[in-house]
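Visitor: Pasting a predicted model and its sequence here:
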Amino acid sequence: MQEASPGRAFGWRELAVLGSIAILGLVTIRYPFDGDQALFTIGAVKLHHGALLYRDFWDLKQPGIYLFYMIAGTLFGFSDVGVNCFALLYLLAFAAVLQLALRPYVRSTLGSAVAPLLIVGVYYAVATPYVLTQVEALIGVPLFLALWLCYAASRREGYARLALLALAGIAGAAVVLLKLIDLVVLVAVWAAIFVTTREAWGRAAAARMAAVATLLAGLLLPLAGLWVAYAPAIGAAVLYETFILYPQRVVRELPAQSTSTLLRSARWFADNFAGLLVLASIGAAVDLRRRVHPVTAGLVAWFVAGVVMFLLQRDSWWLYQLTMLSVPIGILATLGIEAIVARLMADARLQGRMTRPAIVLAVLTIFCSTEAVKAAAKIHQLVGAHFAATPAALQAYQFGIQPMYREAAQETAFLSGRGSLRGDIYVMGSPIYYLFARRSQAIALNGSSVQLWLRAQWDELQNELGKARPPYVFVRNDFLALMEQRSPRALSFIERRYRRMRADAHGAWYGLRSSRPHADAPFNGRPAKKR
């Protein structure tokens, strides 16, 4: 592979791509939250005000996503717009890093300039509120850095090599903090790099051991430091049970996700990434046939291990989990475009008639037409909503995109009435309810993933509700049916302590039988304005 010069400064091509990505990202800035993003925001607000994750607010996810949302909220506000704004800056910075890092890898500077458009640009083109700012949409950044820094270390010697390996390990620690199970993908990527660069590390076993030890030190020291600082306050047993035992019990005790969910996710992935997958297959095949480039090997390992880990998560199979494959697909697709361009440029009939940029544009038009159509539809929708520039326009825009916003606004409207009891509430349903109620979650156990609760958590629900005594509890209709099936005792507890106030097609509201007032504890973030 002919390497492009890494020394050229940012030019108009790079800036044009970054500008295009910024426009695509700005189109989604006013996108509403889905349930997961609302949950992360509720947890981030609690952390911002001194609560401890897994003690004062429990979720099965690793802490990285809550730290991300806490930083986003602190800088830009705990709202859908605030989080989306921070995520856009995060991914724009990643796009610039890609343009710099890929210059020695792709065939031309045009390819390195365009590559982020196939990753970040495509992500923004196809992302819905359900997909936006999920863990898998963010984890590609540290995972790519872990790959690239490990490869860069193989091309250095001495202290520079050790420093790069340590940084690669730190990037790997960020991957683990975002999603522990993706440690398998991380190890696969590093193994591919080490195997394909084995001669660069020297023949001496001591040198290779030093390299591996430095990489592991970079990975484990930050995690060990967090454990030492965090475990005494939370309890090591709680963390071990949350990260290790709980996932095993879910797989063992609860029914697997329906295969229809897997098929729906596969269909979504094919609809949105089919063209890029073709280009990526071409790029990987051509590059591996010429020589086994370590980066290509690492990207292929990332894709294969990512698919395997997705299939093994039989309790979920959510389509947004597949977005972690967008980075290797986009980079390998860049190689595929370069291979097509090289073949066409070698055709004597095209020489002098088509320039390289024209061919690249033609290939992008053919293989990325689906993404372009979806991006155009998003722009048209935002323009039709007058850019959601006023509160009324924003409400209409977000209600049209996310029906749960309208439902939450209607269901929680009574909480702002003069006769409503003050205090935090508890929702066994969408966390979006908290945002519109402008109240926080009363207990540690979150009620958005009741279908994944084990028997002990149903018992814990009774204990926590008994202590916190929130004035209002909401239970979604399908969760009511689930309670009747899995924990009649929990349902009986709620019905003894609470009176059913109202019920409709969405669920039932329960009010505390005691009318003793509670201390006012409003939601301290900046959610979407009260509708």
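Guide: Cool, got the structure. Because the structure is a prediction, the values reported are computed rather than measured.
Visitor: wait, residue 309 sits on residue 181?
Guide: Yes: counting by C-beta atoms under 8 Å, residue 309 does reach residue 181; the two are 5.9 Å apart. Bear in mind the C-beta positions are built from the backbone N, C-alpha and C, glycine included.
Visitor: Give me the buried positions along the helix or strand hosting residue 329.
Guide: Using DSSP states H and E, residue 329 sits in helix 326-345. By neighbour count on 16 or more other C-beta atoms under 10 Å, the buried set for helix 326-345 is 326-341, 344.
Visitor: rewinding a little: which one's more surrounded, residue 309 and residue 181?
Guide: Neighbour comparison, residue 309 and residue 181: the larger count goes to residue 309, with 18 against 14 (by other C-beta atoms under 10 Å).
Visitor: The more buried one belongs to a helix?
Guide: Yes: counting by DSSP: H, G, I helix; E, B strand; the rest coil, residue 309 is part of a helix.
Visitor: Near residue 98, how many other residues are there?
Guide: 26.
Visitor: Spatially, and excluding backbone neighbours, which residue is closest to residue 60.
Guide: residue 246 (5.9 Å; C-beta to C-beta, 6 or more residues apart in numbering).
Visitor: Surely the one you found and residue 456 touch.
Guide: No: using C-beta under 8 Å, residue 246 makes no contact with residue 456, being 9.6 Å away.
Visitor: Now do the buried residues in stretch 192-204.
Guide: Those would be 192, 193, 194, 196, 197, 200, 201, for stretch 192-204 by 16+ other C-beta under 10 Å.
Visitor: Strands along the stretch 351-500 of the chain, start to end?
Guide: 426-428, 472-476, 498-503 (DSSP state E, counting those that start in this stretch).
Visitor: Off-centre distance for the helix or strand hosting residue 110?
Guide: Here residue 110, judged by DSSP H and E, is contained in helix 109-116. Centroid separation between helix 109-116 and its chain, computed with C-alpha atoms, centre = their mean, to the nearest Å, is 24 Å.
Visitor: what about the helix holding residue 329, average pLDDT?
Guide: Averaged across helix 326-345, pLDDT comes to 92.
Visitor: show me the biggest helix of this protein in terms of residues.
Guide: If you go by DSSP state H, the chain has its longest helix at helix 259-290.
Visitor: and that helix with helix 326-345, angle?
Guide: Between helix 259-290 and helix 326-345, the angle comes out at 50 degrees (axes from the mean of the first three to the mean of the last three C-alpha atoms, to 10 degrees).
Visitor: Over stretch 133-143, what's the mean pLDDT, rounded is fine.
Guide: On average, stretch 133-143 scores 98.
Visitor: follow-up on the earlier one: how far does the helix holding residue 329 sit from the chain's center?
Guide: 25 Å.
Visitor: then that helix to CSV, C-alphas only?
Guide: The C-alpha coordinates for helix 326-345 follow below in CSV (Å, rounded to 0.1, in the frame of the first residue of the first chain):
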residue,chain,number,x,y,z
SER,A,326,-19.3,1.4,12.3
VAL,A,327,-15.6,2.4,12.9
PRO,A,328,-14.0,-0.7,11.3
ILE,A,329,-16.6,-0.8,8.6
GLY,A,330,-16.0,2.9,7.7
ILE,A,331,-12.2,2.6,7.7
LEU,A,332,-12.2,-0.6,5.7
ALA,A,333,-14.8,1.0,3.3
THR,A,334,-12.3,3.8,2.7
LEU,A,335,-9.8,1.2,1.6
GLY,A,336,-12.5,-0.2,-0.7
ILE,A,337,-13.1,3.2,-2.3
GLU,A,338,-9.3,3.6,-2.8
ALA,A,339,-9.2,0.2,-4.4
ILE,A,340,-12.0,1.0,-6.8
VAL,A,341,-10.5,4.4,-7.6
ALA,A,342,-7.1,2.9,-8.3
ARG,A,343,-8.7,0.3,-10.7
LEU,A,344,-10.7,3.0,-12.6
MET,A,345,-7.7,5.4,-12.8
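Visitor: what about stretch 15-24, average pLDDT?
Guide: For stretch 15-24, mean pLDDT rounds to 96.
Visitor: show me the contacts for residue 317.
Guide: 257, 261, 262, 265, 310, 311 (C-beta atoms under 8 Å, 6 or more residues apart in numbering).
Visitor: quick one: which of those residues is most hemmed in?
Guide: So for these (other C-beta under 10 Å), the most neighbours sit at residue 310, 24 neighbours.
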